[in-house]
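Asks: A structural model of the following input is requested.
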Amino acid sequence: MRSASILSLALLAALTGCAGPSSFRELRGERLDRVHSPRLPEVVLLEVIANAPAVQGEPAGEVPQDRHIDQRLPVAVDRGPKPIRERWQPLAIGVRAGVGDVMVRAAGTGLNDRSGASFVETRLDTGPGAGLEAGWWDGDGDLFAGRFLNDGVEPKRANARLGGASLFPHVRLDAALGDAAVPVRVGLSADWQRLDHQAARVKREWLAFGPRVVAEPAWTVHADGSANVQVFTLVGGDLGPTWFSEEYRNGDGHDSTWRFSGEVGAGVRAAFGAWQAEVGYRLRHSWVGGTDTSLFGSADSTELQQQQVFLGFRRTF
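Replies: Model prediction:
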């Protein structure tokens, strides 16, 4: 065993001697020169490309395309990963204010009149996606002026004020019809209206729920960069159950029925970058089914209407 080890050492020494001390020193010097010599990025890149293995279908010595996921480029300008802030849908916040009138017509009761009113509406919109619309209106207190009604005990002046509020959570779907862009909002409508006979201290309320659909076709009549002018129309409707209640001097009454509402409108809007302004007209008319209560009587149907001329502004973030 000892003789084998001695023989191995002797053989290694012989081989080393054959290489020669001078050739070993030269090899070590070349390696040290490469390690300590300045390395320019351009030179390193050329060496890497020159020594890169060939990929099937690509010539050797050229940078392979899309070999790694971090080297891939989008197939189009608007494709590929985006910053987090660009992944959110733009949020548009708008407000409309209008003036017009409200009307009440209750068949079989002699209540048929209209009076001036003011309107406010706000809307949150995320483009094609979820949105929310909320509206308020309040009429002058001179509905049925000069008339009388029974307060449950004796006749009193029927002067009344009609006001209300609505809420419309929805989803917006964008479509097209020829040259017109047709955003369609589909959701659930909640609508509350109060008829307050202030002198007689009689209050009547209608609370309605139901599915609602509103379409707003719009045609662009002028466009210049980020500015444009559109003409738009509006058509919509909703249908659902309605709860009627009344309070009077010596009692109250309740009933349930159905209601159908339809709305139309038209206007002009102009956009300037992130800002938008509009002016238009809107009419909404509701037909409420018959009710039977002690003071209101057996009304075959009741019609409630709001119409307004409005001015609105919207900002997109």
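Asks: which residues of the stretch 101-250 of the chain fall in strands?
Replies: 111-125, 130-139, 148-150, 155-157, 161-177, 180-197, 202-215, 218-224, 227-248 (DSSP state E, counting those that start in this stretch).
Asks: a markdown table for the ones you listed, including distance to residue 282, mean pLDDT and mean neighbour count?
Replies: C-beta: built from backbone N, CA, C; applies to glycine. A markdown table is the format used below for the strands of the stretch 101-250 of the chain (distance: least, CB to CB, whole Å; pLDDT from 0 to 100; neighbours: other CB atoms under 10 Å):
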| stretch | distance to residue 282 | mean pLDDT | mean neighbour count |
| --- | --- | --- | --- |
| strand 111-125 | 9 | 95 | 18 |
| strand 130-139 | 10 | 96 | 18 |
| strand 148-150 | 30 | 91 | 18 |
| strand 155-157 | 32 | 93 | 15 |
| strand 161-177 | 12 | 95 | 16 |
| strand 180-197 | 14 | 96 | 19 |
| strand 202-215 | 11 | 97 | 19 |
| strand 218-224 | 15 | 95 | 12 |
| strand 227-248 | 7 | 97 | 18 |
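Asks: want to throw those strands into TSV with distance to residue 310?
Replies: TSV is the format used below for the strands of the stretch 101-250 of the chain (distance: least, CB to CB, whole Å):
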stretch	distance to residue 310
strand 111-125	7
strand 130-139	10
strand 148-150	32
strand 155-157	32
strand 161-177	15
strand 180-197	17
strand 202-215	15
strand 218-224	16
strand 227-248	11
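Asks: Pop out the phi and psi values for residue 32.
Replies: phi -70, psi -40 (degrees, to the nearest 10).
Asks: how close does it sit to residue 43?
Replies: Counting by CB to CB, to the nearest Å, the gap from residue 32 to residue 43 is 18 Å.
Asks: next one: residue 302
Replies: From residue 302 to residue 43 the distance is 89 Å (CB to CB).
Asks: And for residue 108?
Replies: 98 Å.
Asks: Looking at residue 302 and residue 43 now, which is surrounded by more residues?
Replies: residue 302 (27 against 10; other CB atoms under 10 Å).
Asks: And the more buried one, what's its pLDDT?
Replies: Residue 302 carries a pLDDT value of 94.
Asks: Please apply the same query to residue 18.
Replies: 50.
Asks: With residue 28 instead?
Replies: Note for residue 28: predicted pLDDT of 72.
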